[in-house]
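**Q** Got a predicted structure plus its sequence, pasted below:
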Amino acid sequence: MKLKLFVDSKLDDDYIDIKYRNMNMQISQIIEIAGSKQPSMMGRKEGYEFAINIQDVLYYETVDKKYFIYTDRETYETHIPLKEVEESLKQYGFSRINKSMIVNIFKVSKLKADSNMKILAYLANEEVVTVTRHYRTNFYQMIEQISFEKKRGRSYESGE
Amino acid sequence: MKVENKFADICIAFTIITVLSSFFKVGTVSHLHLSYRFAVTAIGIGSMYIFEYLEHWPLRYVEILHYGISMGMVFLFAWVTGIIIEPVDPNGYRDLFFNYTTIYVIASIAYEIKMRSDIAKQNRLLMEISNQD
């Protein structure tokens, strides 16, 4: 599929034209993204590209120089590097928890210290991930910030 | 962990130890002893970089390793200063061992208590966040 971008500073409003031969899954996804205010990220599964609503993302992980997005039921591969995801999803309540993982704080149900004093984060799907000492302070600060924003009545930019 | 932060940690720990030992009237107080105390505090706190390098090790193992290394460095410091500044008291190494170990154990317990109270606090916040959704 070709992608053409045009800049015109004289336009009254931004708009998108989509030209397609047949409606397919990819075009549907693009229409969904274009018409939605929900932030999303692209992920690939079984050869298809999917727009994943970040509200559905549990965590992002890098394994052997490959990048994966995990939702409740699915795993998608993406090309977006960890640093970029860390920076861009910070505003939506995502926080780095170890060398290779970024977790959606809205999907963390509880924290627990194990017998070796490692902090474990239990996710909404009962999966357990480790929060290392190095990233713990920032992770806590992010939880406090979200809680503070919520108490002030402002919805954190989680796309809610 | 920046060097300035480490230095601030050393100064805070040194102040707390000095105030507590002064309060409980522990040990001899002289300029030399205060300098030694600062050096020992600097060894203990400064060597805590090891906790960052051994991030994936269980905390207990890193604590034991750190305790062993820092205790060894403290003994080495006492031995060197004993040669070039003032001979070590006959009970010096024993006192050093007990004082350092006591403070280390108290600090470890305090760290664990703080860690658990932080987790409890974060769990409360997570609960509030999910309830407000």
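**A** In hand now; what should we look at? Numbering: from 1, shown residues only, chains lettered A, B, ... in the order given.

**Q** Can you get me a residue count around the residue in chain A that chain B sits nearest to?
**A** Using Cβ to the nearest Cβ, A:N116 is the residue of chain A that sits closest to chain B, at 3.1 Å. Every residue, glycine included, has its C-beta placed from N, CA and C. Neighbour count for A:N116, taken as other Cβ atoms under 10 Å in any protein chain shown: 11.

**Q** tell me which element it falls in.
**A** Using DSSP states H and E, A:N116 sits within no helix or strand.

**Q** How about it, nearest residue that isn't a chain neighbour?
**A** Setting aside the residues directly before and after it, A:N116 is nearest to B:P58 in space (Cβ to Cβ, 6 or more residues apart in numbering or on different chains), at 3.1 Å.

**Q** May I have the predicted confidence score for the one you found?
**A** Note on B:P58: pLDDT of 83.

**Q** Now do the contacts for the residue of chain A closest to chain B.
**A** Going by Cβ atoms under 8 Å, 6 or more residues apart in numbering or on different chains, A:N116 touches B:P58, B:L59, B:R60, B:Y61.

**Q** pLDDT averaged over the helix or strand hosting A:I27, what's the number?
**A** Here A:I27, judged by DSSP H and E, is contained in helix A:25-35. Average pLDDT, helix A:25-35: 71.

**Q** What residues sit buried inside the lengthiest helix in chain A?
**A** Counting residues, the longest helix in chain A under DSSP state H turns out to be helix A:133-151. With burial defined by 16 or more other Cβ atoms under 10 Å in any protein chain shown, the residues of helix A:133-151 counted as buried are A:R133, A:H134, A:Y135, A:R136, A:F139, A:Y140, A:M142, A:I143, A:I146, A:S147, A:E149, A:K150.

**Q** and those near chain B, which?
**A** Intersecting the buried residues of helix A:133-151 with the contacts of chain B gives A:R133, A:H134, A:Y140, A:I143, A:I146, A:S147, A:K150 (criterion: Cβ under 8 Å from any Cβ of the partner chain).

**Q** ok, the second one - contacts?
**A** Contacts of A:H134 were listed using Cβ under 8 Å, 6+ apart, and they are A:N98, B:E52, B:E55.

**Q** what pLDDT does it get?
**A** 85.

**Q** ok, now how distant is it from A:N98?
**A** 8 Å (Cβ to Cβ, to the nearest Å).

**Q** Please apply the same query to the last one.
**A** As judged by Cβ to Cβ, A:K150 and A:N98 stand 25 Å apart.

**Q** ditto for the first one
**A** As for A:R133, its distance to A:N98 is 10 Å (criterion: Cβ to Cβ).

**Q** Which strands or helices does the worst-scoring helix or strand of chain B on mean pLDDT pack on?
**A** Across the helices and strands of chain B, mean pLDDT, DSSP states H and E gives its lowest value to helix B:50-53, namely a mean of 78. If contacts are counted by 3 or more Cβ pairs under 8 Å, 6 or more residues apart in numbering or on different chains; DSSP states H and E, helix B:50-53 sits against helix A:133-151, helix B:59-84.
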